[in-house]
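J.: My questions concern the predicted model and sequence given below.
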Amino acid sequence: MNYVPHTKEDVEVMLKRLGLNNIEDLFSHLPSEVLNKDKIGLPDDLTEKDIVKELHNIGVKNKDILSLSSFLGAGAYFHFVPPVVDYLSGRGEFATAYTPYQPEVSQGTLTAIFEYQTMLSYIFGVDVINASMYDGASSLAEAVLMATNIARRDKFLISSAIHPEYLQVVKTYTKNKGIEIVEVPFDEDGKTDIKFIKKHLLDVAGVAIGYPNFFGIIEDLDDIREAIGDLLLVTSTSEPLSLGIITPPGELGADIVTGEGMSFGNPLAFGGPYLGIFGTSKKYVRKMPGRLVGQTKDVKGNRGFVLTLSTREQHIRRAKATSNICSNEGLCALRAAIYLSLLGKEGFYELSEYNLSLAHYVKDVIIAKDGFDLRFASPFFNEFVIKTIYNPDKLYNYLLDKDIIFGLPLGRYRKDMKDSFLINVTEMINKRDIEKLEKALEGYHD
Amino acid sequence: MNYVPHTKEDVEVMLKRLGLNNIEDLFSHLPSEVLNKDKIGLPDDLTEKDIVKELHNIGVKNKDILSLSSFLGAGAYFHFVPPVVDYLSGRGEFATAYTPYQPEVSQGTLTAIFEYQTMLSYIFGVDVINASMYDGASSLAEAVLMATNIARRDKFLISSAIHPEYLQVVKTYTKNKGIEIVEVPFDEDGKTDIKFIKKHLLDVAGVAIGYPNFFGIIEDLDDIREAIGDLLLVTSTSEPLSLGIITPPGELGADIVTGEGMSFGNPLAFGGPYLGIFGTSKKYVRKMPGRLVGQTKDVKGNRGFVLTLSTREQHIRRAKATSNICSNEGLCALRAAIYLSLLGKEGFYELSEYNLSLAHYVKDVIIAKDGFDLRFASPFFNEFVIKTIYNPDKLYNYLLDKDIIFGLPLGRYRKDMKDSFLINVTEMINKRDIEKLEKALEGYHD
Amino acid sequence: MTKLIYELSRPGKRTYIPVKKENISSKFPHELLPSKFIRKKKAYLPEVSELEVVRHFTNISQLNVGVDTNFYPLGSCTMKYNPKISEYITQDSQFKDIHPYYPEKFSQGALEILYETASYLEKISGMDKVTFQPAAGAHGELTSLLVIRAYHTANGNPRKKVIVPDSAHGTNPASSALAGYEVIEVRSNEKGMVDCDHLRELMDEDVAAIMLTNPNTLGIFEQNIKKIADLAHEYGALLHYDGANLNAILGRVRPGDMGFDTIQFNLHKTFATPHGGGGPGSGPIGVKSHLVKFLPVPHVEKKKGGAYFLNYDYPESIGKVRAFYGNFLVVLKAYIYLRILGERGIFETSAGAVLNANYLLGLIKDKFDLPYNERYMHEFVVSTKRYKDKGIKALDVAKRLIDYGFHPPTIYFPLIVKEDLMIEPTETEDREVIEAFADALNSIAEEIDKDPDLLKEAPHVTPVGRLDEVWAAKHLILRYEKTEN
Amino acid sequence: MTKLIYELSRPGKRTYIPVKKENISSKFPHELLPSKFIRKKKAYLPEVSELEVVRHFTNISQLNVGVDTNFYPLGSCTMKYNPKISEYITQDSQFKDIHPYYPEKFSQGALEILYETASYLEKISGMDKVTFQPAAGAHGELTSLLVIRAYHTANGNPRKKVIVPDSAHGTNPASSALAGYEVIEVRSNEKGMVDCDHLRELMDEDVAAIMLTNPNTLGIFEQNIKKIADLAHEYGALLHYDGANLNAILGRVRPGDMGFDTIQFNLHKTFATPHGGGGPGSGPIGVKSHLVKFLPVPHVEKKKGGAYFLNYDYPESIGKVRAFYGNFLVVLKAYIYLRILGERGIFETSAGAVLNANYLLGLIKDKFDLPYNERYMHEFVVSTKRYKDKGIKALDVAKRLIDYGFHPPTIYFPLIVKEDLMIEPTETEDREVIEAFADALNSIAEEIDKDPDLLKEAPHVTPVGRLDEVWAAKHLILRYEKTEN
Ligand SMILES: Cc1ncc(COP(=O)(O)O)c(C=O)c1O
Ligand SMILES: Cc1ncc(COP(=O)(O)O)c(C=O)c1O
């Protein structure tokens, strides 16, 4: 099958008009030394019915999440996505449009993104949120670049309690720009070490903090803000649902806020597509990467929306653009806008509260068991670190056999945390899951 | 959860304007002797995430068809439904509209149904197809009523090789209207006995024939047409995909054609919603049940579509209407229109040919095995009857254990066919299914 | 002008390929079938690309108004919000790809849905047994009447007549006729309710049933329902409840408690299934215990061990009114809706529906005639007759509403009110919408004075202008005529 | 005027309830968190019903034009038909509900998709190894340049410069800068191709890479590609292929065979993923064997026994450019598309794309200026400069096309052509559409003579008229301002 609608006769007529004899003639001007004379080696074409069957067979090799009790989070959260989100974002008018360069035929996308910008700006407590970045990690990396650019300094502090993959991405992005990244250790409570920060402020553009951090802990952003004076404070939020309850980073003085928006109406999707959140205050908006939708008027004075401040972007500013980003994660942002509209002010609060409360309950259930304890005694949102006296691999696999994923084994990222698991609890964890976990841990020993 | 958007304040304001104090006052004029003072006894309300989980758990109690090799047809055919059909018919503009009484805001539905009428009329070879009936069985019943009404006679012949459930429905519909239904036996070839018909034409309004009939057999409609003179010929087609290959009943002189349209882009759905097809020639159109879309012009002379000949219908003609039908199966008809557009002229032919050819291949595979034979030596489309020397229950369950459904055991409908199975083969049967069946039958004995 | 898909067609154009010839099935039709069975010409279907199919149906969909796009207060049809979650779940292969003839052990989930939904509907209606076979409301009416007929027949005499109010929906008399009964109309009184005196006059031992909806099609609750029930039963007649207006009384009154013997539900109305541009609906019926044995077969029943099965063993059954068990996927949507609402939601739904209707009525009643000055339930009927001398009909007001962004209400029904608009806002619309609609109606009333042509030429904003229905009936163009071979 | 969802909001209005307080979790935030962490005010979000959400987004969606509604010949973006089957399969829980940190045995299906799709892309591009981490084309460019940088660094010197043509897409210089390189522009010659003499002048041992797309952004195939590759390699520089135009050459030429060392694919363009109003895309990169060890981690690899696993053991890797493994669901769509096309479909796709572009060009070339009189591939660039004295700009022609029912082409890119329209019809459009579009352009050309204001005031048929972008940039209203507490 293919999607070329021409009949044989069409092809003949069209070729004839072009003075050509056959399809190969369309490519006859290609230098023969590069022309491919072979087969490419793809499998034979499939009909729709066959591809559906085939993918069904591949799909069953993935574990059905509804048959699991999964306490995995760590930057990718299993939240309920209301079908309204799928339905509306799947409408062809949204899905098959592109970047709204022609605003008169793109008011649907532009209106939705303007709404997205609005919602996220209030959630994060900043003036401006852009139309999306690739994901939370690359957002953070771009924020570090932006901050060093604003401050005209090329040293940057980053909390090592930030998501380790984000940290890697920051390093990849900054390495070749001559920017020095200094990792700030965390203390025994799992919080970024403010004393260390204070000692290392020389020549520094700013500091980046996870909020909540990788361990689920709510950092003392106010203290950090105070500690760094007028240096730039960048935050990274991989679970923005937390902001239903906790004080927004913008209100605590973050200059640039970043985050991962997949929690807002996007599926786990084995890691992507996700939604990079990026915001700042009005004074820095011209330094900001990414697209922005702004309000304007048409010839008759009616309100309408357009892309604005494009002069920052690569298609105008080229090598001097604030970022190289072009295609972003527009549809994921639309999904977030729909999701947040559906929850609304109260629903967003309630869901956030529910996550907070349920996570604390599960924490209590686990640490009530012999051999399990909370690793860090700090306030957290819906994620926390459990340490165990047992062999972590054995424990993990024992639970896996019972269809329980006991969060993320932290030995994967830090040798000194081999005994620890990052446990996430969202609204998808129900009573049965908790009872299952409780029963499995009951009297467990190596 | 509920879908009432009012705030508490709204309710107060609205009640106040009505001079009422509370919600109960809205119902205070209801006679107290009928007022319900109890709970209804429904379960507690569920959130969306909980209903999704709950239905997942119920759903897994149904057998996943893609894990089966199912040779079940018998009026409900497992064909591939292209996702385009789901997507387009699921668009809210189509799905959440109602009967297009207001044509200016319903041109979407009206255009699509007009296209449906067109496609089906050419497939069946008749002048007119209506906007849909409930299903194939009730279509047939309405056709018998229409025919007796046209002929002003109250005796009707029906082939007993018609789908047994359809026959039951005809009987239910006609019983109380004083119409006598005479069942025409089928001969040893599985075809309706034309000799019997010829002998029983006295006072008869017409005859109804399955085409193909319940056994998958293509009846000699031409001979029957000839045999009945100017009596009315009604046909019933539960597998209209057959009409990609076989001569349309309208061309062979059927006065009223009926059928089940689920094969055209509608899922098996445990039996419904399905799509009743109903057509006739122009001369009988005023006697026809069901809705019709016709072309017309607007005030400026532009083409548009409207419901027409409504004077036949219940909302105008009431007790004298041609039928009581009101809500029909509009969305199923829309699905059929999309499906047939997608297949197009060539695709429809090819798919039909494929079913025909594959079914004959499978038939050969089965009858090559010891103890299995074709019950009727007549031309068939994609369904045929196999008789076996083995204990049918044991055989059926043996295959079931191997995830093969060996069609429909006919003992269910006729005591004299306990040894027989109605086997259907569509394009969803693939090589692996056939090999599986072949292997299972290989050397089978009780 | 929008093109028809046939007008995009050209011979040989295509992209969609449904099947690839497999080696295993290499025979041609003429090798398999006698040539007289093979159609001479391929069926005339459009020849277009997949993109054209998508684009065509996407574009024509936008010519429609639906609940998803606009307020749609079509009286008697309960055009409320249809939760998208139902669409999502019913598209799951676990539910949509089940064959009706699966051995029962393969369809336990589907049978459970049927069983449980029946039990919910039984509770809501106060009936003893619900079956899902009928495919729509009218089909349920017919089935109920056939059950009633079977009951009377079993008692020795099928009887001859069915009484319906003059305000009844057209399906009521039509279904009665289809069930072989003579239809007798009972008058409405000055309160818009059944005239009990007239009813008493009409009653005799030939009456098989009385069909009512309550609240009736005017939106008025029949105060004398108990009296009517007693009267019916006194003569051995049964009382049928037309469930189209069940939305108004959910939780508040149960038809079973009012004395009804049978009910047909309109799942697509009360239980929030999208109406699909005309269907599919689902018209299950519920009956009191003495009628259970006459219901269509099969019944979905539960074995001791908990397994569900289909019981065909009801020799007195009326048989079947359609193949298989009903519009299963519509039932599933009702199940989902009911589980989401739960006990409390049921009550809140009727409250919202009745509140909205009464509030709306209050906002417009000065400018339109209210034929009956009664308490209203979930809908009401007003008339435009005071504007008759300005040459304005209900139709004109309806068409003008389109320009204001609203789907028109039902018009010219019930038949007992002249020039009427039958308005059902439903519970899912908010106050802003109700008020905006009232504003529109009131401002249209003012336009009648100032510029009646604005109404007569309406709608002005639609892709086509007012359409000529007479022309359509005269020319009867019912399909696109073939233009090629 | 369309309301914003915030303008439908009213305090307390809602229907959607995400969670019910369970008994098990009954603690309140202030019992669990110090009060300084608790936000003082709930986030300002709209308060609307589910129906309003559905209606709002349905209605605003209709303000958009997409491939599903109209011809969308946006040059360089390959706005072709996006098969709905991909949407259907990617909505399956089996694929969308998989956690990236599942133990590998739980995600074998997902890993298989990544592995197999990589192998197809390797075959198509003639590269040795493909990775999916980059989220879009520009991201892939950056990743490629970082790989190139790592390669040079490993060879002792990261080098300083990247050469891009003056016709290059803005992301090319922007990505180069982001990778820490100085950007040098090479001129195009009179044939619209890279000026090889100029290139030779620019080359030295400081050049890390040359970035090209071929066919280039004019739609012209670089005839000297082999020479350019040799030249680059002679100086130890690497050659990067910007895959945005891969659609043109599918099956016909392989970037690997042309001498490219790295490639970024734009899955959302060539491999038919809906563009989503801006994204998500997916920008996998492919490299020749000598660069494999520098690719981002993890690699998806296959064990002897057939099981897939994630290999992080590449110490020379550049690290990561985003979290996790890439835009998996977009990759899955590419997989589906490639399996449906298969070997033959790949060839037919490029044939259709090139045929359509050339046919369209032939139909309009009399009325517009063709800056380069060369053979064209899947797209071409024409200019409106002959209409300049009438006061008409490319923008005016673009806006006027909207009135004819078409999405405008790309305008003002590439920068080397003045007042240009960059037109890419793609292979999925049929002859009627191509011809209708040509007719529209030709008739617009005539309108310029007769009534230029028709163009300057266009579009006339859209929900809003021409919008004032300057006003937007001056006032910078970037969100809806809070109106309540
Ligand atoms: C009062 C009333 N009764 C019966 C019906 C018939 O229901 P259905 O259309 O589902 O057959 C309707 C439908 O409009 C109705 O409004
Ligand atoms: C030629 C060319 N290169 C690169 C890109 C960047 O791709 P993306 O938008 O996926 O980042 C584009 C996108 O428009 C392009 O046209």
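T.: Thanks, I have the structure now. Numbers count the residues shown, from 1 in each chain, chains lettered A, B, ... in the order given. Ligands and ions are numbered 1, 2, ... in the order given.
J.: what's the neighbour count on A:Asp446?
T.: 10 (other C-beta atoms under 10 Å in any protein chain shown). For glycine as for every other residue, the C-beta is placed from the backbone atoms N, C-alpha and C.
J.: ugh, wrong one, I meant C:Ala473
T.: Neighbours of C:Ala473 using other C-beta under 10 Å come to 17.
J.: tell me the domain boundaries of chain A?
T.: Listed by automatic domain parsing, the domain ranges of chain A are A:65-80+A:344-441, A:83-340.
J.: my guess is A:Ile367 meets A:Lys387, correct?
T.: No. The criterion here is C-beta atoms under 8 Å, and A:Ile367 misses it with A:Lys387 at 9.8 Å.
J.: Return every residue with contacts to both of those two.
T.: Counting by C-beta atoms under 8 Å, 6 or more residues apart in numbering or on different chains, the residues touching both A:Ile367 and A:Lys387 are A:Asp373, A:Leu374.
J.: who's more crowded, those two?
T.: A:Lys387 (18 against 15).
J.: Identify the residue nearest the residue in the stretch 151-300 of chain A that chain D sits nearest to in space, chain neighbours excluded?
T.: Distances between the stretch 151-300 of chain A and chain D by C-beta to the nearest C-beta are smallest at A:Gly271, namely 2.8 Å. Spatial nearest neighbour of A:Gly271, excluding adjacent residues (C-beta to C-beta, 6 or more residues apart in numbering or on different chains): D:Phe324 at 2.8 Å.
J.: can you pull the contacts of that neighbour?
T.: Contacts of D:Phe324 (C-beta under 8 Å, 6+ apart): A:Gly75, A:Ala76, A:Asp135, A:Glu165, A:Phe270, A:Gly271, A:Gly272, A:Tyr274, D:Pro100.
J.: list the contacts for the fifth one?
T.: Residues in contact with A:Phe270, defined by C-beta under 8 Å, 6+ apart, are D:Phe95, D:Ile98, D:His99, D:Pro100, D:Ser107, D:Ala110, D:Phe324, D:Tyr325, D:Phe328, D:Leu329.
J.: helix/strand/coil for the one residue in the stretch 201-350 of chain A that gets nearest to chain B?
T.: Of all residues in the stretch 201-350 of chain A, A:Leu342 sits closest to chain B, at 9.7 Å by C-beta to the nearest C-beta. Under DSSP: H, G, I helix; E, B strand; the rest coil, A:Leu342 falls in the helix class.
J.: I figured it was touching A:Pro82, is that so?
T.: Yes. Counting by C-beta under 8 Å, A:Leu342 touches A:Pro82, with 5.6 Å between them.
J.: Residues of chain C that sit close to chain A?
T.: C:10-20, C:48-52, C:54, C:58, C:84-85, C:87-89 (C-beta under 8 Å from any C-beta of the partner chain).
J.: 10 Å instead, please
T.: C:10-20, C:47-52, C:54-55, C:57-58, C:61-62, C:68, C:83-89, C:91, C:93 (C-beta under 10 Å from any C-beta of the partner chain).
J.: Keep only those of the residues you listed that are also close to chain D.
T.: Among the residues of chain C next to chain A, the ones lying near chain D by C-beta under 10 Å from any C-beta are C:10, C:13, C:15-17, C:48-52, C:54-55, C:57-58, C:61-62, C:68, C:83-85, C:88, C:91, C:93.
J.: What is the end-to-end distance of stretch C:157-173?
T.: 21 Å (C-alpha to C-alpha, to the nearest Å).
J.: about what we covered before: nearest to D:Met203 among the contacts of D:Phe324?
T.: Ranked by distance to D:Met203 (C-beta to C-beta), the contacts of D:Phe324 are led by A:Asp135 at 36.8 Å.
J.: how about the nearest residue to the closest one, chain neighbours excluded?
T.: Nearest non-adjacent residue to A:Asp135, counting by C-beta to C-beta, 6+ apart: A:Tyr274, 4.3 Å away.
J.: in chain A, what secondary structure element scores lowest on mean pLDDT?
T.: Sorting the helices and strands of chain A by mean pLDDT, DSSP states H and E puts helix A:314-317 at the bottom, at a mean of 88.
J.: Any part of that one near ligand 2?
T.: No. Shown here: helix A:314-317 not in contact with ligand 2 (C-beta under 6 Å from any ligand atom), separated by at least 8.1 Å.
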